[in-house]
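K.L.:
got a sequence here, can you build the structure:
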Amino acid sequence: MDTESLKAFVAVAQNRSFSLAAESLHITQPAVSKRIASLEQKLDHILFDRLGRDIKLTEAGEKLLPRAEYILNTMRDTERNIRELSGEISGTLRVATSHHIGLHHLPPVLHAFTSRHKHVNLQFEFLDSEQAHERVAHGDCELAIVTLAPKTRQPLIAESIWVDPLVFVASYKHPIISQLDVTLKDLSPLPSILPDLNTFTGRLVKNCFDKANVALQQNMTTNYLETIKMMVSVGLGWSVLPRTMVDNQMLELPIKNVHLQRELGVVTHTKRTLGNAANAFFDVLRTMKNTDHVK
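P.N.:
Residues are numbered from 1 along each chain as shown. Predicted coordinates for the structure are as follows:
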């Protein structure tokens, strides 16, 4: 199997499209089809079912995909490691991160890194933290800067960079702020605006209510914290946000005996050696450890 055919196969599998795969590889669609046909001939198995416009992996394709990704990632890492024997910090660094971290925590990191390492091409992919964990697990990027999972599982390893306190908030227009003491029971029947419960942050809030044996009513969900902030500010409901996002459009609701926080940090793969650029980026992140850059 030649690597160009494997690249074409992975591109089609990821894009579920021959035309999009061709665009991503900067070649023609007939060239992609030719490489896939050659690979199928060598393996004596069909790799994709073409169902009209839909492209679906066959059983053989499903078995090949993780191995093809592993082969291509290993080759890229090997080439990079050999190039970096001189200690040069250059090339492309792929990083997965969340929109919140990208907006509120990464600007000083990026300023410090790019001023020191001008020959590194940083490529960011903005994803939910859960998706970013998967990108690292599959070898699609060297590291992710995200909300850390409550328990990191192999083959991933996590290092906390920032502690991110979370607080209950509501608009000054919300009737709940007239209460001197607010409890989880008081919030339970009121409209809430929260991250999806499949997210680490959403589950953190849900666990808080579960431990108190109080029902959590989910009225509106979105994983974009900036959107939640806007919706809270106009009085559509209460929410839980990082304390650093609270401004004069909303009020923090102190809930007795409830203290929520999440860890923001770096996720890497235990079996993948970081390149010079990734190590340099990691070093800059560590200098920012537990510092608050949000005004």
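K.L.:
for the helix or strand of the chain with the lowest mean pLDDT, buried residues please.
P.N.:
Ranking every helix and strand in the chain by mean pLDDT, DSSP states H and E puts helix 59-83 at the bottom, with a mean of 83. Residues of helix 59-83 classed as buried by neighbour count (16 or more other CB atoms under 10 Å): 61, 64-65, 68-69, 72-73, 77, 80. Every residue, glycine included, has its C-beta placed from N, CA and C.
K.L.:
elements contacting that helix?
P.N.:
Contact here means 3 or more CB pairs under 8 Å, 6 or more residues apart in numbering; DSSP states H and E; on that basis helix 59-83 packs against helix 3-15.
K.L.:
distance from the chain centre to the helix it packs on, please.
P.N.:
23 Å (CA atoms, centre = their mean, to the nearest Å).
K.L.:
please apply the same query to stretch 200-215.
P.N.:
Computed by CA atoms, centre = their mean, the chain-centroid distance of stretch 200-215 equals 22 Å.
K.L.:
contacts for it, please.
P.N.:
Contacts to stretch 200-215, defined as CB atoms under 8 Å, 6 or more residues apart in numbering, come from residues 129-130, 147-150, 166, 184-185, 188, 194-197, 216, 221, 240, 258, 260, 262.
K.L.:
which ones among those residues map onto strands?
P.N.:
Among the contacts of stretch 200-215, the residues falling in strands (DSSP state E) are 147, 166, 194, 221, 240, 260, 262.
K.L.:
any idea what the third one is bridged to?
P.N.:
Leu194 forms beta bridges with Thr221, as assigned by DSSP bridges.
K.L.:
in contact with it, which residues are there?
P.N.:
By CB under 8 Å, 6+ apart, Leu194 lies in contact with 202, 205, 218, 220-221, 228, 239-240.
K.L.:
buried subset of the residues you listed?
P.N.:
With burial judged by 16+ other CB under 10 Å, the buried subset of the contacts of Leu194 is 202, 205, 228, 239-240.
K.L.:
on that earlier part again, buried subset of the contacts of stretch 200-215?
P.N.:
Among the contacts of stretch 200-215, those scoring as buried are 129-130, 147-149, 166, 184, 194-195, 216, 240, 258, 260, 262 (criterion: 16+ other CB under 10 Å).
K.L.:
return the member of those nearest to Glu40.
P.N.:
Distance to Glu40 across these (CB to CB) is lowest for Glu130, with 33.5 Å.
K.L.:
just checking, the closest one touches Asn198?
P.N.:
Yes. Counting by CB atoms under 8 Å, Glu130 touches Asn198, with 7.0 Å between them.
K.L.:
list residues touching both of the two?
P.N.:
When CB under 8 Å, 6+ apart defines a contact, no residue borders Glu130 and Asn198 alike.
K.L.:
from Leu166, how far out is Val234?
P.N.:
For Val234, the distance to Leu166 equals 21 Å [CB to CB, to the nearest Å].
K.L.:
equivalent analysis for Arg153, please.
P.N.:
The spacing between Arg153 and Leu166, counted by CB to CB, is 23 Å.
K.L.:
any idea how many residues pack against Gly265?
P.N.:
Neighbourhood size, Gly265 [other CB atoms under 10 Å]: 21.
K.L.:
OK, contacts around it?
P.N.:
145-146, 148, 158-162.
K.L.:
apply 10 Å and report the result again.
P.N.:
By CB atoms under 10 Å, 6 or more residues apart in numbering, Gly265 lies in contact with 101, 144-148, 152, 158-164, 285, 289.
K.L.:
export whatever helix or strand Val266 lives in as PDB, just CAs?
P.N.:
Here Val266, judged by DSSP states H and E, is contained in strand 260-269. Extracted C-alpha coordinates of strand 260-269, given in PDB (Å, rounded to 0.1, in the frame of the first residue of the first chain):
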ATOM      1  CA  LEU A 260     -18.200  24.500  41.500                       C
ATOM      2  CA  GLN A 261     -15.000  24.600  39.500                       C
ATOM      3  CA  ARG A 262     -13.500  22.900  36.500                       C
ATOM      4  CA  GLU A 263     -10.000  22.400  35.300                       C
ATOM      5  CA  LEU A 264      -8.700  23.800  32.000                       C
ATOM      6  CA  GLY A 265      -5.600  22.300  30.700                       C
ATOM      7  CA  VAL A 266      -3.600  20.300  28.100                       C
ATOM      8  CA  VAL A 267      -4.500  16.900  26.800                       C
ATOM      9  CA  THR A 268      -1.800  14.800  25.000                       C
ATOM     10  CA  HIS A 269      -1.400  11.200  23.900                       C
END
